[in-house]
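Student: Requesting a structural model of the entry that follows:
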Amino acid sequence: MPEKITAAVGDKQIIIETGKLAKQADGAVTIQLGETIVIVAAVAATKAKEGQDFFPLTVDYREKAAAAGKFPGGYFKREGRPTEKEILTCRLTDRPIRPLFPKGWYNEVQVQTVVLSADGENDPDILSIIGASASLMVSDIPWDGPLGAVRVGRIAGKFVANPTHAEQAESDLDLVYVGNASDVVMYEGSAKEITEADFNAALKFGQECCQPLIAAQKELAAKVGKAKRQITLNIVPDEILQEAKKLAGDRFVPALLTPGKLNREGACKAIQDEVGAKLVEKFGAEKVTKFVINDAFYYIQKEAVRSLILDSGKRLDGRGFDVVRPISSEVSILPRAHGSALFVRGETQAVTLVTLGTGDDVQEFDSYTGGGSEKRFLLHYNFPNFSVGETGRISGPGRREIGHGALAERSIEPMIPLDTYPYAVRVTSEIMESNGSTSMASVCGGTLALLDAGVPMIRPVAGISVGICTEVGDDKKITRYKLLTDIIGWEDAYCDMDCKIAGTEKGITGFQLDLKLKGIPHALMAETIEKARVARLHILAEMAKTINEPRKELSKYAPRIQVIKINPEKIGALIGPGGKNIKRLVEESGCEIDIEDDGTVNVFSVSAEGMKIAVDAITGMSAEAEIGKIYRGKVVTIKEFGAFVEFLPGKDGLVHISELANFRVKNTEDIVKMGDDIMVKCLGVDEKGRVRLSRKAAMEDRDKEMGGKTETATATAQ
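Tutor: This is a model prediction of the structure:
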């Protein structure tokens with residue numbers, strides 16, 4: 001029978017239901033907030049694949065157009081590959097649940113979320129995280145939950161749980177928080193320079209909001225949850241592990257302390273190869289498989305790294321625990337990019353490029369769940385194999401690259417005045433070398449490149465990663481720990497946390513927490529956040545030695561922009577029938593022209609001449625006839641009663657035959673012919689907008705300026 005539980009989070013109700021849909025899955029729930037509903041189903045294979053040597057967890061999240069009552073965009077009218085939003089939500093769902101599966105259990109697990117209803121106000125991403133936890137709780141899959149999840153906003157200084165998209169637009173904080181009964185498990189998001197104290201308060205608010213969800217899942221599991229299945233863990237036999245330790249002896253410590261990432265890896269690999277061959281010789285190839293060797297030495301290296309940190313107070317590269325690796329940077333390193341930089345922190349290198357674009361370069365996308373349908377600031381992150389000295393499959397960006405790019409993007413975006421800055425902006429980060437926190441290097445390098453491009457950033461942004469090495473007691477509480485500022489790759493791999501925090505000298509703008517632990521106390525997280533603040537200020541000072549404010553001049557290859565304000569009623573005339581006028585102007589000037597509904601016209605050009613042509617034409621097209629003003633115009637129509645003259649682009653007026661000259665004119669063509677350029681004076685505009693022009697008055701004004709009556713004298717002579 002279906003079972004339903006309701007949890008009150010803030011002023012909203014979240015409904016969790018199971019037993020109605022997807023009953024053949026190991027565990028399945030629907031989660032509802034407002035009129036947004038998702039289904040999350042979890043299934044685990046009954047046994048591991050032959051030779052499986054890692055935990056194959058797949059988390060998938062999909063938004064369906066039908067959930068919002070829409071058709072998909074594109075030719076096929078069917079959803080295809082996941083969007084960036086879907087990939088980021090997959091990562092949000094995956095990261096908090098992954099550490100809670102048993103170590104050494106290698107059965108394949110799939111957790112899938114499908115959005116069934118989208119009200120456009122309540123984002124389904126939080127529901128996906130809650131649903132993943134709840135579906136695993138009611139299943140027979142071994143998992144050490146439950147978890148609660150909430151989005152925290154701050155409006156007018158007050159924290160809000162699960163704000164709608166409309167509320168989020170007023171918020172200076174976007175925090176996705178995941179917690180267990182007592183500790184923080186994961187967080188991610190952005191802010192508009194929130195202080196460390198306020199950020200810690202937001203984390204505590206998120207923790208409080210998670211408790212009703214945790215209680216609801218426990219209640220649901222008690223009512224309908226299945227007994228957890230019996231499992232077999234794939235671990236290295238103790239006799240082989242002990243023999244490996246004996247054969248390796250104390251050689252791993254000097255190997256781990258070898259300077260340089262590649263040298264360190266090579267020294268450790270040499271010991272592994274030597275000892276691995278001896279293990280095969282003693283126990284046989286059937287017992288000592290490649291998996292057994294790799295797993296045994298992962299354990300040995302992990303134990304050695306942690307002992308060095310906790311017992312000997314040493315880091316692998318010899319730094320103090322609070323020390324940031326040496327930093328260097330350059331700007332304007334690439335001639336054709338509109339801005340460029342190289343940022344180096346230790347053995348991590350990022351080359352960043354900035355491209356300035358027009359309104360046509362804004363990224364547009366289908367938005368089924370609300371939250372906007374275009375982006376004017378983009379940051380794309382690329383991580384080639386050579387950056388870690390390896391070979392591998394070369395393809396498009398993977399989930400990790402998209403996630404790292406999104407973190408760097410939301411860290412920088414609050415400091416770009418997109419409301420007033422007319423350009424579309426793209427940053428690309430090309431990782432040249434990697435040994436720890438390339439996403440934060442992308443933040444630093446991206447900032448330098450933006451300043452080099454002349455983008456008017458409010459303040460520079462920098463980021464750093466802080467790790468932790470812990471010792472956990474029998475009660476699963478942390479008994480000892482060391483915080484590690486600016487972690488390198490092996491400290492990330494063998495220790496317990498990767499906490500990335502970016503911001504300015506005033507506050508935090510972007511953040512992401514990944515844990516291998518089941519949770520971390522808030523007091524310890526506050527200490528981590530303070531370590532990150534101190535390191536961030538140091539990095540900002542180092543970056544300022546290279547460039548500390550936006551350049552005054554744009555690159556000669558960047559499009560120039562001129563903003564023109566016209567009467568919104570003139571937009572139709574500027575565009576012309578079927579876009580005729582604007583298309584002709586774009587072709588003649590070579591400019592890109594964006595017209596906004598409020599009459600703002602942005603003209604982009606890399607040519608001064610083209611810019612002048614476009615600006616003059618737009619100014620002319622949108623200009624109003626001024627009574628008493630003299631214009632130079634072109635005769636466009638000849639009639640018996642006079643001539644029509646185009647005196648402004650796209651605007652003509654009538655010169656009556658009596659106004660052609662200061663003498664009686666019998667035929668219009670005696671004075672003017674089609675295509676003639678003549679001077680005319682505006683005599684007036686009637687209530688229908690029809691303009692009266694006079695060649696005679698223009699000539700008289702000219703003659704007065706010249707001190708004679710040239711046309712009359714000429715006519716008399718004739």
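Student: drop to CA atoms for contacts and neighbour counts, all remaining ones
Tutor: Fine.
Student: Look at the residue positioned nearest the centre of the chain and tell me its secondary structure.
Tutor: When C-alpha atoms, centre = their mean is applied to the chain, the residue found nearest the centroid is residue 406 (3.4 Å). Secondary structure assignment for residue 406 (DSSP: H, G, I helix; E, B strand; the rest coil): helix.
Student: Chain neighbours aside, what residue packs nearest to it?
Tutor: residue 379 (7.0 Å; C-alpha to C-alpha, 6 or more residues apart in numbering).
Student: Relative to residue 137, how far out is that neighbour?
Tutor: 37 Å (C-alpha to C-alpha, to the nearest Å).
Student: So if I had to pick from those two, which one is more boxed in?
Tutor: residue 137 (29 against 25; other C-alpha atoms under 10 Å).
Student: Let me know the pLDDT of the more buried one.
Tutor: At residue 137, the model reports a pLDDT of 98.
Student: same thing with the one 5 residues further on?
Tutor: The predicted local confidence for residue 142 comes out at a pLDDT of 97.
Student: quick one: buried residues of the top helix by length along the chain?
Tutor: In the chain, assigned by DSSP state H, the helix with the most residues is helix 196-224. Within helix 196-224, the residues that count as buried by 16 or more other C-alpha atoms under 10 Å are 196, 199-200, 202-218, 220-221, 224.
Student: Show residues contacting whichever helix or strand comes after it.
Tutor: The helix or strand immediately downstream of helix 196-224 is helix 238-248, counting by DSSP states H and E. Residues outside helix 238-248 that contact it (C-alpha atoms under 8 Å, 6 or more residues apart in numbering) are 271, 272, 275, 276, 279, 283, 288, 296, 297, 300.
Student: what angle do the host helix or strand of the fourth one and helix 238-248 make?
Tutor: Yep, that's residue 276 we're talking about. Using DSSP H and E, residue 276 maps to helix 261-283. If you take axes from the mean of the first three to the mean of the last three C-alpha atoms, to 10 degrees, helix 261-283 sits at 120 degrees to helix 238-248.
Student: Any buried residues in helix 261-283, and which?
Tutor: Those would be 261, 264, 267, 268, 271, 272, 275, 276, 278, 279, 280, for helix 261-283 by 16+ other C-alpha under 10 Å.
Student: Show me what secondary structure element comes after it.
Tutor: Following helix 261-283 toward the C-terminus (DSSP H and E): helix 290-310.
Student: CA atoms of the next helix or strand after that following helix as PDB?
Tutor: Next helix or strand after helix 290-310 toward the C-terminus (DSSP H and E): strand 327-331. Provided in PDB are the C-alpha atoms of strand 327-331 (Å, rounded to 0.1, in the frame of the first residue of the first chain):
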ATOM      1  CA  ILE A 327      52.000  31.800  -6.900                       C
ATOM      2  CA  SER A 328      52.900  33.500 -10.100                       C
ATOM      3  CA  SER A 329      50.800  35.000 -12.900                       C
ATOM      4  CA  GLU A 330      51.000  36.800 -16.200                       C
ATOM      5  CA  VAL A 331      48.400  38.600 -18.300                       C
END
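Student: can you give me the mean pLDDT across strand 327-331?
Tutor: 98.
Student: which strands and helices sit next to it?
Tutor: If you count contacts as 3 or more C-alpha pairs under 8 Å, 6 or more residues apart in numbering; DSSP states H and E, strand 327-331 packs onto strand 339-345, helix 438-452, helix 522-544.
Student: Deepest-packed of the ones you listed, please.
Tutor: helix 438-452 (a mean of 31; mean count of other C-alpha atoms under 10 Å).
Student: between it and strand 339-345, how many degrees?
Tutor: Using the same axes, to 10 degrees: helix 438-452 against strand 339-345 is 140 degrees.
Student: Helix 438-452: how far from the chain's middle?
Tutor: Put simply, helix 438-452 sits 14 Å off its chain's centre (C-alpha atoms, centre = their mean, to the nearest Å).
Student: Taking their axis directions, it and strand 327-331 sit at what angle?
Tutor: Using the same axes, to 10 degrees: helix 438-452 against strand 327-331 is 40 degrees.
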